[in-house]
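*Asks:* Below is the sequence, then the predicted model.
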Amino acid sequence: MDNTTYVALSSQMALRRQLEIVANNMANQSTVGFKAQRMMFREYIQNPTTPDPISFVQDIASYTDLSEGPIINTGADLDLAIAGRGYLTVDTPDGPRYTRAGSLSLDTQRRIVNNQGYPVLSSGGSPIVLPDNAEQIAIAEDGTVSVRGQDSKIDIRLDRVGIVDFEDERQLRNTSDGLLTTDQSPRPAEKSRVIQGALEQANVQGVREMTDMIEILRTYQSVQKAIEAEAERRRNALQQLSKTTA
């Protein structure tokens with residue numbers, strides 16, 4: 001196999017990985033709070049000091065597009081959207097994880113949990129537990145949780161949903177369960193705003209992803225044709241060589 005084929009195969013490997021990421025983005029268009037993934041490529045030059053260096057394609061990493069998705073109103077008391085930078089903190093068996101997916105509910109212990117059953121942590125780092133007689137739930141823009149019981153006309157302030165931010169959001173990494181993690185220490189998100197009764201949708205743009213998928217497929221097919229053409233050229237050359245030496 002000559003260098004031309006190796007270069008083409010490196011391109012196909014990168015395109016295949018990119019196609020997997022685009023397909024995953026499209027599959028999560030309706031996932032609340034989902035953040036699209038993008039690929040990072042670079043040129044890898046083999047033997048750069050020689051007269052004929054070889055240039056390969058290398059996919060070095062993927063990164064998360066952290067731009068905000070559209071916010072829709074749901075009217076549900078425990079649906080929360082975050083306007084501006086910031087993340088909910090949830091307590092998982094592997095430690096704290098972060099998310100903007102605010103589709104919340106109560107578990108059997110009356111704790112506010114995310115859709116995977118992990119407790120949402122307060123600004124003090126503890127789960128938020130509602131009393132048994134709580135009927136009306138109000139969550140202010142600063143995350144303050146208040147409830148009103150059956151026989152009460154007074155709102156009782158319970159706790160505050162912890163909304164955190166990080167110095168460098170680009171260091172956030174996706175985990176296997178769709179949450180985010182980082183080695184950075186969280187800090188209070190001072191400019192964010194909590195919107196009760198609303199959800200942030202995925203920031204995936206279907207038209208863009210479909211366009212990218214078509215372009216990737218066409219490029220992949222074009223590279224495949226180049227590989228086949230090179231293989232045919234080599235076969236013809238060998239045939240001519242065999243006839244000459246016969």
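*Replies:* Cool, got the structure.

*Asks:* Who are the packing partners of the lengthiest helix in the chain?
*Replies:* Secondary structure of the chain per DSSP state H: the longest helix is helix 206-245. Secondary-structure packing of helix 206-245 (3 or more CB pairs under 8 Å, 6 or more residues apart in numbering; DSSP states H and E): helix 3-27. C-beta coordinates here come from the backbone N, C-alpha and C atoms, glycine included.

*Asks:* domain assignment for the protein?
*Replies:* 3-64+205-245, 71-200 (automatic domain parsing).

*Asks:* which residue packs closest to the residue nearest to the spatial centre of the chain, ignoring adjacent ones?
*Replies:* Geometric centre of the chain, nearest residue: Lys35, 3.6 Å, by CA atoms, centre = their mean. Leaving out its chain neighbours, the residue that sits closest to Lys35 by CB to CB, 6 or more residues apart in numbering is Thr64, at 4.9 Å.

*Asks:* Surely the one you found and Gly178 touch.
*Replies:* No - the criterion here is CB atoms under 8 Å, and Thr64 misses it with Gly178 at 11.2 Å.

*Asks:* Assumed Tyr98 was part of a helix.
*Replies:* No - checked against DSSP: H, G, I helix; E, B strand; the rest coil, Tyr98 lies outside a helix; its state is strand.

*Asks:* any idea how far Pro186 is from the closest residue to it other than its chain neighbours?
*Replies:* Distance criterion CB to CB, 6+ apart; nearest residue to Tyr98, sequence neighbours excluded, is Tyr87 at 3.9 Å. Tyr87 sits 8 Å away from Pro186, taking CB to CB, to the nearest Å as the criterion.

*Asks:* which residues do these two both contact?
*Replies:* By the contact definition CB atoms under 8 Å, 6 or more residues apart in numbering, Tyr87 and Pro186 are jointly contacted by 98, 164-165.

*Asks:* so where's this protein shaky on pLDDT?
*Replies:* For the chain, the stretches flagged by pLDDT under 70 are 1-3, 41-56, 58-60, 149-154, 245-246.

*Asks:* at 90 instead, please
*Replies:* 1-18, 30-31, 33-35, 37-67, 131-136, 147-158, 169-178, 190-191, 219-246 (pLDDT under 90).

*Asks:* and the gap between Ser126 and Val120?
*Replies:* Distance, Ser126 to Val120, using CB to CB: 10 Å.

*Asks:* repeat for Asp79
*Replies:* Distance of Asp79 to Val120, computed by CB to CB: 12 Å.

*Asks:* any common contacting residues for those two?
*Replies:* With CB under 8 Å, 6+ apart, Asp79 and Val120 have common neighbours Leu104.

*Asks:* Which one's more surrounded, Tyr87 and Pro186?
*Replies:* A direct count of neighbours by other CB atoms under 10 Å for Tyr87 and Pro186 places Tyr87 higher, at 26 against 18.

*Asks:* what bridges to the more buried one?
*Replies:* Val164 (DSSP bridges).
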